[in-house]
Every structure is written in structure tokens, then in C-alpha cells.
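Asks: Take this sequence and fold it.
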Amino acid sequence: MTGFDARARLTAAAVMFLCRAVYAFNWYNIGAVLPLVRQGFGVGTADVAVVLGAFLVGAGIFQVPAGFVALRFGNRATSIVALGAMGAFSLASGFSPNWEVLAALRFATGAGAAFFFAPALGLVTAYYPPGERGPVIGWYNAGFSAGSGAGLFLGAVIGELFGWAPALAVGGLLLFAGMGIAAWLLPRTLPPPPGPTRDPAWSAGWRVLKTRGLWALALGTSGLWAGFYVAAQWYVYYANAVHASWSLALAALVPALMIVAEIAGGPIGGRDAERRSHLPRLLAVWGVAAGIGIAAIPFLPFVAIWPMFLFLGFADGVVFAVLYLIPTYIPGLRAEEVSLGLAFLNSIQIFVGFALALAFGLVVAGWGYTMAWLLAGIASVAFIPLLGWVPAGRNVARDGLLPGSAAGSPRS
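Replies: Have a look, this model is predicted:
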């Protein structure tokens with residue numbers, strides 16, 4: 001048990017959903033206005049790819065440091081401060097005088113995002129006991145889906161009405177609101193113990209980073225993470241070039257529908273995963289199907305692109321609900337170390353996502369969109385065989401804690 005009553009858990013789930021949504025809004029609002037950024041600064045596709053990828057570089061570099069900070073100072077405090085830092089840089093992005101400054105501020109926004117993601121997800125282990133985490137993680141990811149869809153569609157609408165800069169600045173204001181709500185309503189967890197001091201923290205951290213199951217999970221799903229990211233972020237730019245008659249809002253509606261479909265896929269996938277004994281196999285099946293769908297994008301007629309993106313969104317929701325559930329059940333990973341494990345997992349995926357997002361733009365410039373989408377589809381499934389080295393299912397100790405956990409409520 002965690003020591004939190006049903007009302008506290010419900011409040012925690014609602015606040016985490018809201019904060020995850022405003023966090024995600026600032027991931028995807030840039031994708032909605034990429035054509036406007038290109039026109040406003042008079043730059044090419046390769047420069048736009050750098051702006052898009054800068055966020056991922058910042059988020060990737062600081063994932064593991066964020067995990068160590070959360071291990072030292074607690075998940076709750078780390079995630080709340082991160083929302084404020086992310087909000088400040090996102091707001092400043094709206095005042096960028098050139099694309100180089102915009103790329104630098106997007107890098108800093110990504111760094112702030114790194115300090116939110118894993119610590120906030122790690123709070124699930126503090127508020128919810130084993131056996132109840134899957135649906136909550138699904139709803140947590142549904143918050144990302146809702147915020148992403150809003151970032152794409154509302155970002156495009158704001159961009160068309162007022163320009164790309166207000167579309168980015170609004171995201172920063174939403175993050176400040178989320179920080180205030182989290183500080184006010186998010187239930188307080190046990191404070192970190194008097195330590196861990198630096199040496200024990202590093203010792204525990206390196207033990208987590210050497211966990212073979214985490215490496216296999218991170219690498220096995222990295223191409224899939226990248227494929228979903230490219231489909232959501234690059235589609236508006238692609239549609240703007242290929243379907244010149246489409247408005248920016250119509251182009252953004254396609255990936256926005258994909259992301260809305262994730263809202264259903266996340267909770268359903270999380271609930272189903274809690275009943276399965278072989279979680280990596282579930283990941284592989286959905287991952288291969290999604291990779292085929294991504295590769296098919298340039299060959300689909302208008303009437304088929306909508307159901308395909310709805311399918312991709314549902315698959316995305318299932319995949320990430322299962323993906324983020326697995327580390328909470330990896331043998332030997334203590335409850336308070338889950339945030340570091342998730343940070344490591346996400347850092348690997350983000351770096352692969354950055355590489356594919358950049359490669360996509362370069363392939364478009366050199367060989368066209370068909371080759372770029374084929375590359376994204378192939379990359380999505382290329383690493384899936386590595387999931388064979390991930391522990392098959394759930395291995396929860398009889399005391400209700402993660403294997404290796406100390407008795408009592410997880411400290412966050």
C-alpha cells in the first residue's frame with residue numbers, strides 16, 4: 001500500500017493529467033507553426049529541422065541528470081520546478097529575433113521538459129500500489145495526447161491568426177499555470193531521506209543505469225518513439241508542401257486526430273497490460289503494425305489518411321502505456337529509483353528521435369518525401385527485436401512493493 005486514500009489518489013491523477021497536457025502542448029505547438037517559422041525567418045527545410053530537433057537535444061541530454069536530481073531531492077519538488085523553468089524558456093521563445101535564438105531557446109525548453117517527465121511519472125509509484133498503476137500511467141499518457149493535440153491544432157489556429165510567436169508564448173503561460181496548480185494541489189509525498197548523500201546516490205544511480213532490461217527496452221523502442229514523433233511533428237510541414245490548397249489548420253487536424261486517438265489507446269493499453277504476462281510481446285505486435293502504417297503515409301489517398309492516423313494514434317497510446325509500465329516492474333529496481341530508470345529510457349529514445357527528425361528533413365531536401373516516410377517506417381521497426389532481452393512480465397514482491405524496495409511508502 002502507499003498510504004494515500006482514494007481522494008488523494010484521484011487528485012494526484014487529475015493534476016498529473018493536467019500538467020502532462022500543458023507540458024505536451026509545448027512539445028507540439030512548434031510543429032504546427034513550422035511553415036510560418038520558415039517563412040518568417042526566410043530559412044530552408046534543413047534549418048527548420050534544426051529548430052525542431054533542438055528541443056529533443058535539450059530533453060535528451062538532461063534526462064539522466066534529472067533522474068539523479070529527483071533521486072536526491074524528490075520527484076514532486078523536481079517536477080514542479082521543472083514546469084516553471086520550461087515555462088520561462090517557452091515564453092521567451094515567442095520573442096526570438098532569428099531562427100538561431102529560437103533553436104537555442106527550444107533547446108532550453110527541452111532541458112526543462114527533461115526535469116519534468118520522469119520525476120512526474122515516478123510519482124505514480126508513490127501514489128498507486130502495484131496492480132493499479134497501468135490505468136493511471138495510461139491516463140498520464142492520455143494527458144500528453146490531449147496536450148499534444150491541442151498544441152498542434154490550437155497552435156496552428158493561433159499561428160494563422162496572430163503569427164508563430166504568440167503560439168509559442170501561450171504555451172509558456174500555460175506551463176506557469178500548471179506549476180501553480182501542481183504546487184497547490186499535488187499531494188505531498190514523504191520527503192527524501194537525509195540523503196542519499198552524493199556517493200550513495202551515484203552508486204544507486206549507476207546500478208540502475210547498468211540494468212540490462214532497461215537498456216533492451218530503451219533501444220528496442222527507440223525507433224518506434226522516433227517514428228511516432230516524426231509522424232506527428234512533420235506531417236503539417238509535409239501537407240503544406242504536398243497539399244498546397246490545405247489551410248494550416250486542416251493540415252494540423254490530421255496529426256491532431258492521431259494524438260486524440262492516443263487518449264483512448266493509453267488507458268485501454270495500460271489496463272490490458274496489467275492483465276498480460278508478456279509485456280514486451282505486446283509492445284512488439286503494436287510496434288510492427290505502427291511502423292508499417294508510418295511507411296504507408298505517402299502512398300495513401302486523402303480518404304485513407306484519416307483512418308490511418310487514427311490507428312497510429314491508438315497504437316501510440318497502447319505502446320507508451322505498456323512501455324512506461326514495464327520499468328515499474330523490472331526486478332531489482334527500487335520504487336524510488338523508477339524515475340531515474342524512466343529518465344534513462346527516455347533519453348535514449350529522444351536522441352534517436354532527434355536523429356530521425358533531422359534525417360527526415362535532410363532526406364526530404366535530397367530525395368523527397370516518399371523516401372523520407374519510408375525511412376521513418378523502417379526505423380520504427382528496426383530495433384524491435386531487442387525487446388527479446390526485456391523481462392517478460394510483472395515480478396512483484398509479496399509485500400506489494402517493487403522487488404528490492406524497502407518497506408513503507410515510496411519516497412519521492
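Asks: which regions of the stretch 101-250 of the chain lie under the pLDDT threshold?
Replies: 190-205 (pLDDT under 70).
Asks: redo that, cut-off 90
Replies: Across the stretch 101-250 of the chain, the ranges flagged by pLDDT under 90 are 117-146, 148-150, 152-153, 156, 186-215, 225-226, 229, 232-234, 236-237, 239-250.
Asks: With the stretch 251-400 of the chain instead?
Replies: Checking the stretch 251-400 of the chain against pLDDT under 90 turns up 251-279, 301-303, 317, 320-362, 364-366, 388-400.
Asks: now the helices: where do they sit in it?
Replies: 279-296, 302-325, 338-367, 369-382 (DSSP state H, counting those that start in this stretch).
Asks: For the shortest one, buried residues please.
Replies: So the one you mean is helix 369-382. Y369, A372, W373, L374, L375, A376, G377, A379, S380, V381, A382 (16 or more other CB atoms under 10 Å). In this view, the C-beta of every residue, glycine as well, is placed from N, C-alpha and C.
Asks: now stretch 32-42
Replies: A32, V33, L34, P35, L36, V37, R38, G40, F41.
Asks: will you turn the residues you listed into JSON lines that also has secondary structure, distance to W306 and pLDDT?
Replies: Below are those laid out as JSON lines (DSSP: H, G, I helix; E, B strand; the rest coil; distance: CB to CB, whole Å; pLDDT from 0 to 100):
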{"residue": "A32", "secondary structure": "helix", "distance to W306": "18", "pLDDT": "86"}
{"residue": "V33", "secondary structure": "coil", "distance to W306": "22", "pLDDT": "91"}
{"residue": "L34", "secondary structure": "helix", "distance to W306": "21", "pLDDT": "89"}
{"residue": "P35", "secondary structure": "helix", "distance to W306": "21", "pLDDT": "89"}
{"residue": "L36", "secondary structure": "helix", "distance to W306": "24", "pLDDT": "93"}
{"residue": "V37", "secondary structure": "helix", "distance to W306": "26", "pLDDT": "93"}
{"residue": "R38", "secondary structure": "helix", "distance to W306": "26", "pLDDT": "91"}
{"residue": "G40", "secondary structure": "helix", "distance to W306": "30", "pLDDT": "92"}
{"residue": "F41", "secondary structure": "helix", "distance to W306": "32", "pLDDT": "92"}
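Asks: can I get the residues you listed in TSV with distance to V69?
Replies: Converted to TSV, the buried residues of stretch 32-42 look like this (distance: CB to CB, whole Å):
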residue	distance to V69
A32	31
V33	32
L34	32
P35	37
L36	35
V37	32
R38	36
G40	36
F41	35
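Asks: Nearest to V363, out of those: which one, please.
Replies: L34 (16.3 Å; CB to CB).
Asks: OK, contacts around that closest one?
Replies: Applying CB atoms under 8 Å, 6 or more residues apart in numbering to L34 gives the contacts V48, V51, L52, Q233, V236, Y237.
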